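Have a look; sequence and predicted model below, questions after that.
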Amino acid sequence: MCALGDTDAATYDLSPSNLAAGVTLDGLRIGPANRDTPWLDLEPEYIAPDNGGAWVSLQENNALARFDLAGRTWTAVHSLGVHIQTIDASDADGQARIDDEVAGMPMPDAIASYVVDGARYIVTANEGDVRADDRVRLGDARLDPAVVSILDLLYPDLAGGVRDDAALGRLEISSIDGDRDGDGDIDVPTMFGTRSMSIFDEQGRAVSDSGVFLRSVTALLFPDRFNSNGDPATFDTRSDDRGLEPEGLALATIDGRVYAFLGLERTSGVAMFDITDPRAVGSPTEIGLPIYINTAAYSDAPGGGVGPEGLCVVQSRGEHYVLVACEVSATIEVLQVVRDAPTADPPASN
């Protein structure tokens, strides 16, 4: 018999005494109240085991960290930086218009790890998250006047320029990030989350990203549910916040290939990526392109399977199934992974 004993429990925060030699918290996203004690600001969100330890997402801090069990120390802490994404940034334009280029922090929720050719990679669901005191609508933000003048040129037909509600005016951005020159105003408006899935190496370097694919696929296959809360009545209402919100994540090896299953909390549904080659995700080839099912549209439950949170992959009688926990609809969705019929030659890329 096994049990958890409180005498065997130990706590390891990211204070200096628990960091391995050479590891620091320098460069992490830290709230103003904790600048002198940054370890008190960190918010571990999700854990992905590896050999001898685990990777942890620090969501609000836009970072990944690794804990080593043998040494009982944090052996790596990596800021995930800022990435440019093309999104629909407005809930006031009445359409799925994916043409706004915006800087974003990945800020992953769920993460997973896997090994390819002896190298470990960390897959991230880049949901993004906010605190009560670190967000502002771009239209209300204190932006560098020179930056506003440049961004206004991108929206010549809108009276309010970049601050117009139909442009970026309603986009929720960070109030504590993007001041590159330290003069108190925002030089790079930065959104929460990148509305994508990424793969990082163990040094915290971005290897690949799904880019605009998730936005494009959901808009193409389920246009009336684009950036919604799972139903057509809320079409486009999440565009100004964090979009479709990639949250849950599960990996599985099937017939020698590695697949990532990504839950989209707001729009609802699951996207499937072939990540056998970690550097191919996001490239315009068959490898890396997602397959997407909207659980809200296909579920037998009234209103559909809305609000995917956790995912797992199980195998039964030779078949693989993705189980999806949907918090809003109070349902479990079961999706079967369907194998393609074998062909003599691989299909040609378009």
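Everything's here; your move.

For residue 247, give its distance to residue 330.
As judged by Cβ to Cβ, to the nearest Å, residue 247 and residue 330 stand 17 Å apart. Glycine gets a C-beta too; all of them are placed from N, C-alpha and C.

okay, those two: which has more neighbours?
With neighbours defined as other Cβ atoms under 10 Å, residue 247 and residue 330 compare such that residue 247 has more, 26 against 11.

so is that one in a helix, a strand, or just coil?
Under DSSP: H, G, I helix; E, B strand; the rest coil, residue 247 falls in the strand class.

packing partners for the strand or helix carrying residue 272?
Residue 272 is located in strand 270-274, with elements delineated by DSSP states H and E. For strand 270-274, the elements it packs on are strand 257-264, strand 291-293, judged by 3 or more Cβ pairs under 8 Å, 6 or more residues apart in numbering; DSSP states H and E.

at 10 Å instead, please
Identification of packing neighbours for strand 270-274 by 3 or more Cβ pairs under 10 Å, 6 or more residues apart in numbering; DSSP states H and E yields strand 196-201, helix 213-221, strand 246-254, strand 257-264, strand 291-293, strand 319-326, strand 331-336.

can you give me how far it is from the chain middle?
In terms of Cα atoms, centre = their mean, to the nearest Å, the centre of strand 270-274 is set 14 Å apart from its chain centre.

Where do the strands of the stretch 101-250 of the chain begin and end?
Listed from the start of the chain, the stretch 101-250 of the chain has strands (DSSP state E, counting those that start in this stretch) covering 111-116, 119-126, 135-137, 172-174, 190-192, 196-201, 206-209, 246-254.

Columns mean pLDDT and distance to residue 78 on top of these, output as JSON lines?
JSON lines is the format used below for the strands of the stretch 101-250 of the chain (pLDDT from 0 to 100; distance: least, Cβ to Cβ, whole Å):
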{"stretch": "strand 111-116", "mean pLDDT": "98", "distance to residue 78": "12"}
{"stretch": "strand 119-126", "mean pLDDT": "98", "distance to residue 78": "9"}
{"stretch": "strand 135-137", "mean pLDDT": "97", "distance to residue 78": "24"}
{"stretch": "strand 172-174", "mean pLDDT": "98", "distance to residue 78": "19"}
{"stretch": "strand 190-192", "mean pLDDT": "98", "distance to residue 78": "18"}
{"stretch": "strand 196-201", "mean pLDDT": "97", "distance to residue 78": "7"}
{"stretch": "strand 206-209", "mean pLDDT": "95", "distance to residue 78": "10"}
{"stretch": "strand 246-254", "mean pLDDT": "97", "distance to residue 78": "18"}
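
Pick the most buried one from these.
Relative to the other members of the strands of the stretch 101-250 of the chain, strand 190-192 carries the highest mean neighbour count by mean count of other Cβ atoms under 10 Å, namely a mean of 27.

Give me the helices and strands touching that one, please.
Helices and strands in packing contact with strand 190-192 are listed as strand 83-87, strand 100-105, strand 172-174; criterion 3+ Cβ pairs under 10 Å, 6+ apart.

Reformat the ones you listed as TSV; add distance to residue 210.
Formatted as TSV, the helices and strands packed on strand 190-192 follow (distance: least, Cβ to Cβ, whole Å):
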stretch	distance to residue 210
strand 83-87	10
strand 100-105	13
strand 172-174	21
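
most tightly surrounded among the ones you listed?
Greatest average neighbour count among the helices and strands packed on strand 190-192 goes to strand 172-174 (a mean of 24), per mean count of other Cβ under 10 Å.

counting contacts, what elements does that one pack onto?
strand 100-105, strand 135-137, strand 190-192.

which regions of the protein lie under the pLDDT threshold?
In the prediction, the chain carries residues with pLDDT under 70 at positions 6, 282-290, 299-301, 341-350.

and the residue positioned nearest the centre of it, bridged to which residues?
Most central in the chain under Cα atoms, centre = their mean is residue 126, positioned 0.9 Å from the mean C-alpha point. When bridges are taken as DSSP bridges, the partners of residue 126 come out as residue 196.

first to last residue in stretch 140-159, what's the distance?
Here the two ends of stretch 140-159 are set 16 Å apart, with distance taken as Cα to Cα, to the nearest Å.

For that stretch, buried residues please.
By neighbour count, and taking 16 or more other Cβ atoms under 10 Å as the criterion, the buried residues in stretch 140-159 are 141, 143, 144, 147, 148, 151, 152, 155, 158.

How far does that stretch sit from its chain's centre?
From the chain centre to the centre of stretch 140-159 is a distance of 27 Å (Cα atoms, centre = their mean).

Now render the strands of the stretch 101-250 of the chain as a markdown table, adding distance to residue 262.
Formatted as a markdown table, the entries for the strands of the stretch 101-250 of the chain read as follows, by distance: least, Cβ to Cβ, whole Å:
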| stretch | distance to residue 262 |
| --- | --- |
| strand 111-116 | 10 |
| strand 119-126 | 6 |
| strand 135-137 | 24 |
| strand 172-174 | 22 |
| strand 190-192 | 18 |
| strand 196-201 | 5 |
| strand 206-209 | 12 |
| strand 246-254 | 5 |
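
among those, which is nearest residue 13?
Between residue 13 and the strands of the stretch 101-250 of the chain, the shortest separation by Cβ to Cβ is 19.3 Å, and it involves strand 111-116.

what angle do the closest one and strand 196-201 make?
Using axes from the mean of the first three to the mean of the last three Cα atoms, to 10 degrees, one finds that strand 111-116 and strand 196-201 are set 50 degrees apart in direction.
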